[in-house]
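# Predicted model follows, preceded by the sequence.
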Number of protein chains: 2
Amino acid sequence: MPPAALWRSLRAHQVYGANTDVGKTIVSTLLCNALQGSVGFIKPVSTGPLDEADDRHIQRYAPHTLTKCLFQFDEPVSPHIAAAQKSVPPPSDTALLTAIHETLTTWAQPSPQEQARKHALLETAGGVHSPGPNGTSQADLYRPLRLPVILIADARLGGISASISAYESLVLRGYDVHAVLLFKDDYYQNHAYLRSFFAKKAIPLVAVPAPPARVAAPEEDGEAMSAYYARARREGVLGGVVEQLEEMHVRRWERLDAMAEKAERVIWYPFTQHLGLKAGDITVVDSACGDFFQSRSSRKDGDGDTAGLRATFDGSASWWTQGLGHGNPDLALSAAYAAGRYGHVMFPGNIHEPALALAETLLESQANPRLQRVFYTDNGSTGMEVAVKMGLRAACARYGWDAGRETVRILGLKGSYHGDTIGVMDCSEPSTFNKKVEWYRGRGFWFDFPQVRMKDGVWRVAMPQETALAEEMDELRFGELTDVFDLEARLDSEAGRRYREYIRRTIERLVQEEGVKFGALIMEPVILGAGGMLFCDPLFQRCLADVVRQTPELFAPQTTPAGENDWSGLPIIFDEVFTGLYRLGRRSAASFLQVHPDIAVNAKLLTGGLVPLCTTLASEAIFQAFLSPDKSDALLHGHSYTAHAVGCQVAVDSLRTMMRMEREGSWQGFQRDWAVAAAAPAAAAPAGPLTWSVWSHGLVRDLSQAASVEGVFALGTVLSIALHDQHGTGGYTSTAAQGLQHRLAAGGDQFAVHSRVLGNVLYLMSSVTSKAESLRAIEEVLRGALL
Amino acid sequence: MPPAALWRSLRAHQVYGANTDVGKTIVSTLLCNALQGSVGFIKPVSTGPLDEADDRHIQRYAPHTLTKCLFQFDEPVSPHIAAAQKSVPPPSDTALLTAIHETLTTWAQPSPQEQARKHALLETAGGVHSPGPNGTSQADLYRPLRLPVILIADARLGGISASISAYESLVLRGYDVHAVLLFKDDYYQNHAYLRSFFAKKAIPLVAVPAPPARVAAPEEDGEAMSAYYARARREGVLGGVVEQLEEMHVRRWERLDAMAEKAERVIWYPFTQHLGLKAGDITVVDSACGDFFQSRSSRKDGDGDTAGLRATFDGSASWWTQGLGHGNPDLALSAAYAAGRYGHVMFPGNIHEPALALAETLLESQANPRLQRVFYTDNGSTGMEVAVKMGLRAACARYGWDAGRETVRILGLKGSYHGDTIGVMDCSEPSTFNKKVEWYRGRGFWFDFPQVRMKDGVWRVAMPQETALAEEMDELRFGELTDVFDLEARLDSEAGRRYREYIRRTIERLVQEEGVKFGALIMEPVILGAGGMLFCDPLFQRCLADVVRQTPELFAPQTTPAGENDWSGLPIIFDEVFTGLYRLGRRSAASFLQVHPDIAVNAKLLTGGLVPLCTTLASEAIFQAFLSPDKSDALLHGHSYTAHAVGCQVAVDSLRTMMRMEREGSWQGFQRDWAVAAAAPAAAAPAGPLTWSVWSHGLVRDLSQAASVEGVFALGTVLSIALHDQHGTGGYTSTAAQGLQHRLAAGGDQFAVHSRVLGNVLYLMSSVTSKAESLRAIEEVLRGALL
């Protein structure tokens, strides 16, 4: 896929019609005649008899124009039908885009003779949504190039509607419409209505004289057209629109050139040390499409004129949020629908369809009989604050503790991270992330835990240093990742027995000897994200949940849970903000542990990667701890935009899309890669739920052999590579992974790779719609950098 | 404005065409013929010769149909042009909607003879965006009724594009398209492509045979059409679509009837005591438009069939968020544009246009030379957490305090509220809101303060009880609200002197005698929202800021600020989440105090009322406290969707719209009402910036005389009425205002009024686009209830 199309020396526009037969080619001819300097005209796909073809028209009436028609079909029908009638298959959408981009690139090369601006018009066929040769709507097909648009409006009866709808279809795909042109028709006066409509959008509109009526005799027709164009040129019918287009081009470049510097002056970036940050360190993202950012290229223009934008793989899935691709028109329409139907509706006391549908869909997706209630907030941090409030209240209520007088703490894992608000910062042990926050006061105990990674082709579980486990046990080894997750077998193993014993004894010591009160167990199941992509031995997390639930007397004198789905020992909170909703290949990472949490928090992928939204799911038993005749016993938490319709609608549609992809086996190719490897040599499919990754099994094995690699793992959409750290012990402030990050950022010919590092760990993350070919191309870059 | 249109016994659809001349009326005739039971057909506006009028066509070929044409224009041009040519002015949009709603309501009345379903089709003119008689696009014009749509697609060349674009224009206005019908054309085969397109949206599509070509002789033409319809009926060309439409109607009602109960089972509502909450307490909001929710009417259907939906004025502005009206198509398109252009782009290290443009626009709008940097988060609570982190860090850095070892506190006002996350809960004094939150630990000192309200026609400032101020001073009295805000005059008054002295002495005692360390001053300027709509004497807040800044030695041994815009004494944080961005009639409530805060937080109105977003603006001096060679000194805060493009784009467009409204004098009517009153009897405009409200000056004065009213005030879009509390001292748990709330909820004939109460205070809040006529109608309801 080529990058978005932008050059400094070449001003290129895409000409879209509000409908078929609105005069795109005639207006294009007018434009070609009015442009100074060299002008190119591309008709990617043309239908209809060859002698009427639009590029021929241009050649005849704007003869100085360089024209190029990439594909020609004789029948005057939609290209997708014409293509179907041809014996030769049409070019793929990618091939078409590539051919266009290459043509424009060639035209954009400056020549010593010409210093003036060059121009190009790319003329589409029919209306904005008329299908291309493969059936893709043109508005979608050409979106990756995101050329600014000249919209030819419809001057006929009904044309006001057609023109505005076409405009809206373009806008909701992120196009910028730079000008609207149409024929002047004094009877219908569409131009008057549309001029006032587009003036409000600051888009210039020009009404040009209508061409002469077509006559049968070709010669006469030709003369009339020549006279029309000559007169149009004489009279300057385009008004100032050519100058306005030029000004927009210049302004766009000026803005692109200035944005990094302006951002450096006014933006305060999250998680960013601004000392030493230069404008050059800031990437200007002009747009994004699928897995790729389209960014202002850092390559110097110099005397050549290379592309102004470069495609960069969004290798952090934009902080782990992306699911269905950037610039997804379906999600854009979902968002617009909810905005148009509701805007925002204040939530307490009200219900609307998107909020209810999302609650129902989510509860169904989690298949956890404990989870019965949905509480909405705006992001993982606030959702975890709610989870903590829920858990602590339930525990204090059952155990009769007065939390205002003594601190009730949480039980967790070292390296956990639950968000940036101070309440949930207190749920993590002191670390780089929180130790300099003035009001941070860690309130918990955090277990160090055995970690999983592959090294030298073997999956290894290393015991945490300076713990009883490390004293008692050696590293565990497994042939395949499915074996690590085979909890059925592992629960009764020696490791299981020792884990449980270690956990039980530790809690006993804390509670009975040190008098600590615990109010909740909080875990990110399987992978602890922000803490450094730490892959916890699932058996350890399972044992921790088992011990908490099976020996409630550890925490307080026995109180019997009320029912089967009531919490026992402590409310168990799973922070699935990062791990949930297919990030690790499954709807819920809890299924890896076969533990049903009492409270579960989801965000990030929830909205498919579009807008903030978070859900905290809770069991009925937790909910009941807040029931009382006293209003102030209620969960007094709620943000203004709680359950905003836009977020809920986008989330419903994202979740249903991802669930449909799962049902339809969209990831079978990836799954086969891991299943075959796991089942070798018997080649039978492994039993139980799938454990797989979009990153290839072979890549993980190969990287694990690299000398510079300390360990590696892949699960679902996540690939994590820990590098040997010459200078330290890893951790957030390590710089070991930066070299690799820079090599990825340099990228290959086709695209660069954006990645994030956490200390000595570099991770890559795809969306659930990423294409195997993109992923394999990135794997090649990785192999080149590490092997 | 009538409510949205829905009846149980009447199934009504709106017929939209993908373009003009696609066969709307012919397909409507087919539908009328296929429907069992009584069928009504409304053509609100018809253009073209009378004998061709669509309702005549229906009368002729589907003679059992009840037809009604509300307005007829002879010229076959767009209605807005036809209307302009007529000497009689066209009906207003509201009149048109009212006429339609009344007609449908009449048709919906059940009659003893007829038990079967009734049907109605409302046929539009031209395409979806063809203008109505007043120039409003039909898709916008008819949106308040939000009838489900039957879209007649375009079977001609270019029709695929026209049909999909028309569909998208409808969806982004929140319409539900229930079926797509079009003529079958085997050459262009649009039906095949569109069937597959709409199947993905679960929308049925039926291709019906094309009608015979029109012939000149009217009689022949009539015969051919009769034969066409007869054959169509015989062959059942509509397939199962009539049954599908019926099923959708039934399902919609089933869902509406069930939603409250389902919500009661799965939703955990914010700030809601669920004990005793019944399904009947939950309002089902089917859609929203402008200032009104369209809710499932609670009126019993009984044997009559009253409207299924009722309009309810969103009197809390949906928790203070609404600015530009619900279902605003411009904001929906803004959201869609950003979604289509970017989706979400992870923020650190990147910049995109919406985030930069919003930062620039906001900084400009605040006109505060101190504010130089913009930090993005998701809601007021997280934005205030950031503000607190900023303030504390700056103070600790300058004063050399180790906040990990001793608690640094904030200075604030009693009754303040800054959000629901635990860190900012700690910024408020112990109260109902936080005292039961297990981890809440208030960390501050909170001044009680003089409050402003009108009683018996006089603006009164009451001194806080049990303070030195109450001992020293009597109630202050003012004739007009502008006098209260005349700080120029009041600063040198006795009150000013006493305020400053009281504040200085209190701080001195806390710091010097009790050893308290303060790290920031936090205030909601002018009105403390969630704490109970407390209107603080602006002079007191001004004096508090002045004392902090002018006597920095109160807080620590003197350290000189670095420059003119550096903070002094304490960083001053203004929580403008509620008060900012025109909520109180001005861009910033800080302007009432003439204080430039060092940190300012905005949310709620920021996005015009669509999606969550928050900005924390900070001065360069605050920013510099985080600069260091050590990465961990950075502000380590950042949510996944930080500066999400959708939110930023919507915010830019909202803010620019509101600023344009200010520039264009959109609120002059309201302003005149207050200015004239203030300047009476001289009738000259008062000097200085305006102090005004959308609520009328006369209403406030009259309510202040009511025996049941303790006090009242209005400012900007806010009206607050404190009621006498028989049983207690007011506060959050008071029930004094509930009676008034119930009376408003019962409402009048036209609409109900949703309001929120805070203890004994009932407030109403409009958006900035609310129409005077709506507001005056509500005022009548208020007068009826209180006077």
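Sure, I can see it.

# Mind naming the longest helix for chain A?
Longest helix of chain A, by residue count under DSSP state H: helix A:241-266.

# how big is the angle separating the helix or strand following that helix from helix A:241-266?
For helix A:241-266, the following helix or strand on the C-terminal side (DSSP states H and E) is strand A:283-289. Using axes from the mean of the first three to the mean of the last three CA atoms, to 10 degrees, the inter-axis angle of strand A:283-289 relative to helix A:241-266 is 120 degrees.

# Report the strands that pair with strand A:283-289, each with its relative direction.
Strand A:283-289 sits in its sheet next to strand A:292-296 (antiparallel), strand B:350-351 (parallel), going by DSSP bridges.

# Contacts made by the shortest one with the rest, please.
Identification of contacts with strand B:350-351 by CB atoms under 8 Å, 6 or more residues apart in numbering or on different chains yields A:259-260, A:262-263, A:267, A:282-285, A:293, A:295. All C-beta atoms are positioned from the backbone trio N, CA, C, and that covers glycine.

# same question, the longest one
When contacts are taken as CB under 8 Å, 6+ apart, the neighbours of strand A:292-296 outside the stretch itself are A:1, A:3-4, A:146, A:256-257, A:259-260, A:283-288, A:308-314, A:326, A:751, A:754, B:345, B:350.

# And that strand, how far out from the chain middle?
Offset of strand A:292-296 from its chain centre (CA atoms, centre = their mean, to the nearest Å): 13 Å.

# what is the mean pLDDT for it?
Mean per-residue pLDDT for strand A:292-296: 95.

# Can you list the strands that the following helix or strand past it pairs with?
Where DSSP H and E defines the elements, the next helix or strand beyond strand A:292-296 is strand A:309-314. Taking DSSP bridges as the criterion, strand A:309-314 forms sheet pairs with strand A:292-296 (antiparallel), strand A:752-754 (parallel).

# List the contacts of the last one.
The reference is to strand A:752-754. Residues contacting strand A:752-754 (CB under 8 Å, 6+ apart): A:283, A:293, A:310-316, A:744-747, A:764, A:778, A:781.

# Which residue is the nearest non-sequential neighbour of the residue of the stretch 151-300 of chain A found nearest chain B?
As assessed by CB to the nearest CB, chain B sits closest to A:Pro270 within the stretch 151-300 of chain A, at 2.3 Å. Of all residues not flanking A:Pro270 in the chain, B:Gly638 sits nearest, at 2.3 Å (CB to CB, 6 or more residues apart in numbering or on different chains).

# same thing with A:Ala125?
Computed as CB to CB, 6+ apart, the closest residue to A:Ala125 that is not its neighbour in sequence is A:Val45, at 5.4 Å.

# quick check, the one you found in a helix?
No. Under DSSP: H, G, I helix; E, B strand; the rest coil, A:Val45 falls outside any helix and is assigned strand.

# could you flag which of the contacts of strand A:292-296 are buried?
Neighbour-count burial (16 or more other CB atoms under 10 Å in any protein chain shown) applied to the contacts of strand A:292-296 gives A:1, A:3-4, A:146, A:256, A:259-260, A:283-288, A:308-314, A:326, A:751, A:754, B:345, B:350.

# quick revisit: look at the residue nearest to A:Pro270 and say how many residues are nearby.
24 (other CB atoms under 10 Å in any protein chain shown).

# so it is in which element?
Using DSSP H and E, B:Gly638 falls within no helix or strand.

# my guess is it meets A:Asp420, correct?
Yes. Look at B:Gly638 against A:Asp420 with CB atoms under 8 Å: they come within range, at 6.5 Å.

# how far away is the closest residue to A:Leu31 other than its chain neighbours from chain B?
Distances taken as CB to CB, 6+ apart place A:Leu121 nearest to A:Leu31, at 6.3 Å, with adjacent residues excluded. Separation of A:Leu121 from chain B (CB to the nearest CB, to the nearest Å): 19 Å.

# quick one: secondary structure of A:Leu121?
Look at A:Leu121: counting by three-state DSSP, its state is strand.

# which residues does it bridge with?
A:His13, A:Phe41.

# ditto for A:Val753
Assessed by DSSP bridges, A:Val753 has beta-bridge partners A:Phe313.

# Just give me the neighbour total for it.
Counted with other CB under 10 Å, the neighbours of A:Val753 add up to 21.

# Any idea how far apart the tips of stretch A:206-217 sit?
31 Å (CA to CA, to the nearest Å).

# The residue nearest to A:Leu238 when sequence neighbours are not counted: how many residues sit nearby?
Closest residue to A:Leu238 apart from its sequence neighbours, by CB to CB, 6+ apart: A:Ala34 at 5.0 Å. A:Ala34 has 19 neighbours, counted by other CB under 10 Å.

# residue contacts, the most centrally placed residue in chain A?
Compute the mean C-alpha point of chain A, and by CA atoms, centre = their mean the closest residue is A:Gln322, 2.4 Å away. By CB under 8 Å, 6+ apart, the contact list for A:Gln322 reads A:291, A:314, A:605, A:608-609, A:765, A:767, B:343-344.

# Might one say that A:Phe18 is in contact with A:Gly126?
That one is not Phe; residue A:18 is Ala. No. Judged on CB under 8 Å, A:Ala18 makes no contact with A:Gly126 at a distance of 10.3 Å.

# Those two: which has the busier surroundings?
Between A:Ala18 and A:Gly126, counting by other CB under 10 Å, A:Ala18 is the more crowded of the two (33 against 27).

# Read off the pLDDT value for that one.
So, for A:Ala18, pLDDT stands at 98.

# How about A:Val77?
Note for A:Val77: predicted pLDDT of 77.

# and it, how many neighbours?
19.

# Pull up the gap between A:Ser137 and B:Thr467, please.
Plainly put, A:Ser137 is 69 Å away from B:Thr467 if you go by CB to CB, to the nearest Å.

# Compare neighbour counts for the two and give me the winner.
Neighbour tally, A:Ser137 and B:Thr467, criterion other CB under 10 Å: the higher count belongs to A:Ser137, 24 against 16.

# so who does the more buried one touch?
A:128-131, B:161, B:164.

# do that again at 7 Å, thanks
Going by CB atoms under 7 Å, 6 or more residues apart in numbering or on different chains, A:Ser137 touches A:129, A:131, B:164.

# Next, it: phi, psi?
In terms of degrees, to the nearest 10, the main-chain angles of A:Ser137 are phi -60, psi 140.

# where are the low-confidence patches of chain A?
A:51, A:87, A:112-115, A:298-306, A:679-689, A:727-735 (pLDDT under 70).

# Surely the residue nearest to A:Ala125 and A:Pro133 touch.
Yes. Counting by CB atoms under 7 Å, A:Val45 touches A:Pro133, with 5.8 Å between them.
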